[in-house]
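Participant: Need a 3D model of the sequence below.
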Amino acid sequence: MTDIAPALNRHIRWAIVLALLVNAASLLTPIINEGDSVLYAALSQHIALTGNWGDLVLDHLDWLDKPHFPFWVTALFFKIGGVSTFNYILPGFLFHLLGSYYTYRIARMFYGRDVALLALLMVVSTYHLMYTSSAIKAEAFLTGSITAACYYWLRFDAQAKAKYLLLGALFSAISVMTKGIFTLITIASGLACLWIYRGQWRNFWSAKWLLALGLSLLLTFPEVLALYLQFDAHPEKVVFGKTGVSGIRFFLWDSQFGRFFNSGPIKNQEGTPLYFVHVFIWAFLPWVAAFVAALYSGVREFSRNSAQERSQFVFLCGAFFVTFGLFSATAFQLDYYTVILFPFAVIMCAHYLACWLQRTSTPFFVAQIGMIGFTLVLIFGLAIYVANTLLLGAMVVFALLLAGYALAQRQRVRSFTAVIYPVMAVCMLYVFLEAMTLSAYLKYSIAYNVNKLLAQDRSTPVYVYQLDPIVAWELGIYRSAPSEGVQSALQLPRSGAPYLLLVKDAQWAELRDLGSTAQVLAQGDWVDHKTGTLPRQLKLAKGTEPLERFSLIRVTPVP
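Facilitator: Purely as a prediction, here's the structure:
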C-alpha cells in the first residue's frame, strides 16, 4: 500500500469535485455539437416517439451500423424526460461516471485506497474522457461497461462467485451490444496476458471461463433478436444498396472484422500505424508524462517487484496495449476509439504517481511543469487566435486564480505540481474549447438559430432543402413538429396546410415557381456542415470560416 499525505488527500478530493462539476456543466448546453451525436439522438428519438424498440430507422429507412444498446438507453431517457439535449447527454455521462467508479474499484483492489483516489482524479480529468462524456458516442457507454466487466472478471478469476459471474457477463454483453463482438478482446486481453504470464493455460478452456463466455454471449440475445427481426427476417429490404443483407452477420463480422481488415461495407483508407500515438499525446492530457514515466518505471523495476505487483502490471499493460495495437494495425481509425483504454493507463499512472510522491524526483517534476505549461500555452494561443475577448479574459482570470492558489500552496509545490495543478490546467482547456465551440454554434448553427426563430411556432412542419441531413435531424430534436430533409422539389407538398421551407438563398430562385404563395420569415448567415476538425472549428470561432446565406420561408400550397 502507498499512503498519501492527508493534506494532499483533501485537495485531491476537492480536485475530483472540481473536474466533475466542470465536466457536468456540458449537460446544460442547448446544442448537440457533434454530427454523429445528432444522428444517434435522431435514432433514439424515433424509438421513443414510435415505441418501436426493435428497429433502428433514420429518415424512414432501415439503419444498420451500430448495435442497439446506446439507442435503447437514450430512448428510455427520452421517454421519461422528453426529447432534449440534456436527456441525450445524461445517460452517456452516467456511464462515464460508472467507468470512473470502476476505475477506482480496480485501482483500490490492486493498490489500496490512496492510489484509487488518485486514479479517480486522473480518470475524471483526462481531456478526451471529459470530451467524450459530453459529445456522446458509443465510447461513453463502452468506457463504463468495459471497465465494470474487467473489474468483475478480475474478482471472478480470484473467487468464482455467482455475483461476479452474472455482473461480469452482464457488462460484457452491454459492451457487445454497444459496439460489437470486438469489445470482448478489450475485456479479456488483460486477463489473457495475465494467464499467459502465470502459465495458467488451462483457464483458456476451463469450464469456469467457458461458462463465463457462454453467459456473456447469451445475454446479447436482445441484440441478435432485434437484428433478426429487422433484417434477416426481411431479405427483401434494401441495405447498402442491395437485398439479402443479414443484420446478424453484419453485427458479428462486417462491423467488426470487416472494419479491421477494411473489407466491409463501411471503409476508411486513411489510417496510419502511428495515428493513435499522435492522438494519445493530446487526448491523454494532462497525464501523458505520467504514463511514459509509469511505463518506463514498470518495465525497469519489473524484475525487482513482488509477484503481485508484476501480475498487476502485466494485466494493465495487456488491457491497454493489445487493443491499442489492434487499433493501430487497422486503417479504420477515429481519434475517440482509444478512450476505452484510458482507465487502464490511468491506474498505471496513479500507482507511479503515488510512489513518486514518497521520493519526489526532479525529472518527473520538470515533466509535469512542461505538461502544465504546454496546456496553458495551448489555451492562450488558441484564445488569441480566435480573438474572443470574453474567453481570453475568462482564461486570464482563471490563470490568476491558479497562480494565487499555487502561491498559497508553495510549501507543497512538488506534490501539487504533479497532482493538482495539471487538473486545473486541463479544466481550463476543457472549459475554453467547450465555450469556444458553443459560442460559435450559437451564432452559426442552422438548426439552433432556426429553432430560436420559431420559438412561437412549435407545430408547423419544416422541410430542409438539399442541406446536410444532420440539419433536419437536429432541428427535429429541438422542435416537436416534424422536420424532414428533401433532395428534390417534387418531395415538397403541393397541397394541404402551410409548411416552412429552409433553403439556401442561391437555390430559392429555382423553387419560386411551386404553385404556392411564399413569405420569407427570416434570413441568416450560417454554416451547413457543423462537424469538422479543430482547425475548422477555430476558423468558425474566429469568424473566418465561409458562411452561406439561408432563408426560412413559410409556404402555403395553392390547390
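Participant: before we move on, which element is the closest residue in space to Ser133 that isn't next to it in sequence in?
Facilitator: Closest residue to Ser133 apart from its sequence neighbours, by CB to CB, 6 or more residues apart in numbering: His96 at 3.7 Å. Yep, even glycine has a C-beta here, placed from its N, CA and C like the rest. Per DSSP states H and E: His96 is located in helix 85-111.
Participant: contacting residues around the host helix or strand of Leu21?
Facilitator: Using DSSP H and E, the element containing Leu21 is helix 6-24. Identification of contacts with helix 6-24 by CB atoms under 8 Å, 6 or more residues apart in numbering yields 4, 93, 96-97, 114, 117-118, 120-121, 124-125, 130, 133-134, 357, 409, 412, 415-416, 419-420, 423-424, 427, 430-431.
Participant: what do you get for stretch 313-325?
Facilitator: 150, 154, 185-186, 189-194, 197, 276, 295, 298, 302, 305, 338, 340-341, 344-345, 347-348.
Participant: Now find how far off-centre that stretch is within its chain.
Facilitator: On the basis of CA atoms, centre = their mean, to the nearest Å, stretch 313-325 sits 21 Å off its chain's mean C-alpha point.
Participant: Quick check: buried residues in the helix holding Leu21?
Facilitator: Leu8, His11, Ile12, Ala15, Ile16, Leu18, Ala19, Leu20, Val22, Asn23, Ala24 (16 or more other CB atoms under 10 Å).
Participant: orientation of whatever helix or strand comes next after it relative to helix 85-111 in degrees?
Facilitator: Using DSSP H and E, the helix or strand that follows helix 6-24 towards the C-terminus is helix 35-50. When axes from the mean of the first three to the mean of the last three CA atoms, to 10 degrees is applied, the directions of helix 35-50 and helix 85-111 differ by 110 degrees.
Participant: any residues touching helix 35-50, and which ones?
Facilitator: Here helix 35-50 has contacts from 32, 52-53, 56-58, 63, 66, 70-72, 74-76, 78-79, 83, 88, 135-137, 468, 470, 473-474, 476-477, 529-531, using CB under 8 Å, 6+ apart.
Participant: Between helix 85-111 and the helix holding Leu21, find me the angle.
Facilitator: 150 degrees.
Participant: doesn't Leu64 make contact with Phe250?
Facilitator: Yes. Contact status for Phe250 versus Leu64: in contact at 5.8 Å, counting by CB atoms under 8 Å.
Participant: quick one: common contacting residues for the two?
Facilitator: Joint contacts of Phe250 and Leu64 (CB under 8 Å, 6+ apart) are Phe231.
Participant: that older thread, tabulate the buried residues of helix 6-24 in TSV, adding columns for distance to Lys539.
Facilitator: Listed next are the buried residues of helix 6-24 as TSV, based on distance: CB to CB, whole Å:
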residue	distance to Lys539
Leu8	42
His11	39
Ile12	39
Ala15	34
Ile16	35
Leu18	31
Ala19	29
Leu20	32
Val22	26
Asn23	26
Ala24	29
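Participant: I'd like the next helix or strand past the least confident helix or strand in the chain by mean pLDDT.
Facilitator: Ranked by mean pLDDT, DSSP states H and E, the weakest helix or strand in the chain is helix 257-260, scoring a mean of 67. Per DSSP H and E, the first helix or strand lying C-terminal to helix 257-260 is helix 275-283.
Participant: Not counting its own residues, what contacts that following helix?
Facilitator: Contacts of helix 275-283 (CB under 8 Å, 6+ apart): 126-128, 288, 324, 327-328, 333, 335, 337-339, 342.
Participant: quick one: which of those residues is nearest to Ser439?
Facilitator: Tyr127 (19.5 Å; CB to CB).
Participant: OK, contacts around the spatially most central residue of the chain?
Facilitator: For the chain, Thr132 is the residue whose C-alpha lies nearest the centre (CA atoms, centre = their mean; 2.8 Å). Applying CB under 8 Å, 6+ apart, we find Thr132 in contact with His96, Glu139, Ala140, Thr143, Tyr336, Val339.
Participant: Also Leu547?
Facilitator: Tyr444, Asp525, Trp526, Val527.
Participant: Go again with 6 Å.
Facilitator: Shown in contact with Leu547 (CB atoms under 6 Å, 6 or more residues apart in numbering): Asp525, Val527.
Participant: Next one: it, what pLDDT does it get?
Facilitator: The pLDDT attached to Leu547 in the predicted structure is 88.
Participant: How about Tyr405?
Facilitator: Looking at Tyr405, its pLDDT reads 77.
Participant: Ok, Phe398 next?
Facilitator: 85.
Participant: nearest residue to it other than its sequence neighbours?
Facilitator: In space, Phe398 is closest to Met428, 5.1 Å off (CB to CB, 6+ apart).
Participant: any idea how far Ala42 is from Pro67?
Facilitator: 17 Å (CB to CB, to the nearest Å).
Participant: Please disregard the earlier target; I meant Ile281.
Facilitator: In terms of CB to CB, Ile281 sits 34 Å off from Ala42.
Participant: More neighbours: these two, which one.
Facilitator: Ala42 (25 against 11; other CB atoms under 10 Å).
Participant: how about the strands in the chain?
Facilitator: 57-58, 61-62, 462-465, 483-486, 499-504, 516-526, 548-557 (DSSP state E).
Participant: okay, those strands in a markdown table with mean neighbour count and distance to Leu170 next?
Facilitator: Below are those laid out as a markdown table (neighbours: other CB atoms under 10 Å; distance: least, CB to CB, whole Å):
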| stretch | mean neighbour count | distance to Leu170 |
| --- | --- | --- |
| strand 57-58 | 15 | 27 |
| strand 61-62 | 14 | 28 |
| strand 462-465 | 24 | 41 |
| strand 483-486 | 20 | 37 |
| strand 499-504 | 20 | 44 |
| strand 516-526 | 15 | 45 |
| strand 548-557 | 18 | 47 |
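Participant: I'd like to know which of the ones you listed has the weakest mean confidence.
Facilitator: strand 516-526 (a mean of 87).
Participant: Just checking: what are the partner strands of that one?
Facilitator: strand 548-557 (antiparallel) (DSSP bridges).
Participant: Contacts for the strand it pairs with, please.
Facilitator: With contacts defined as CB under 6 Å, 6+ apart, strand 548-557 is touched by 450, 493-496, 498-505, 508, 516-526.
Participant: Likewise for stretch 431-450?
Facilitator: With CB under 6 Å, 6+ apart, stretch 431-450 has contacts from 29, 31, 33, 379, 391, 395, 471, 474-475, 524, 526-527, 537, 540-541, 552.
Participant: Going by neighbour count, which residues in it are buried?
Facilitator: Buried, per 16+ other CB under 10 Å, within stretch 431-450: 431-441, 443-450.
Participant: go on, stretch 240-249?
Facilitator: In stretch 240-249, counting by 16+ other CB under 10 Å, buried: Val245, Ser246, Gly247.
Participant: ok, now which ones touch the second one?
Facilitator: Each residue near Ser246 by CB under 6 Å, 6+ apart is listed here: Asp232.
Participant: Run through the helices of the stretch 301-450 of the chain in chain order.
Facilitator: 307-329, 342-356, 362-386, 389-408, 413-444, 446-453 (DSSP state H, counting those that start in this stretch).
Participant: Dump these into JSON lines; add distance to Gly214 as well.
Facilitator: Formatted as JSON lines, these follow (distance: least, CB to CB, whole Å):
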{"stretch": "helix 307-329", "distance to Gly214": "22"}
{"stretch": "helix 342-356", "distance to Gly214": "26"}
{"stretch": "helix 362-386", "distance to Gly214": "45"}
{"stretch": "helix 389-408", "distance to Gly214": "52"}
{"stretch": "helix 413-444", "distance to Gly214": "42"}
{"stretch": "helix 446-453", "distance to Gly214": "46"}
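Participant: Pick the most deeply packed of those.
Facilitator: For the helices of the stretch 301-450 of the chain, the largest average neighbour count (mean count of other CB atoms under 10 Å) is found in helix 342-356, namely a mean of 26.
Participant: Thanks again, I'm all set now.
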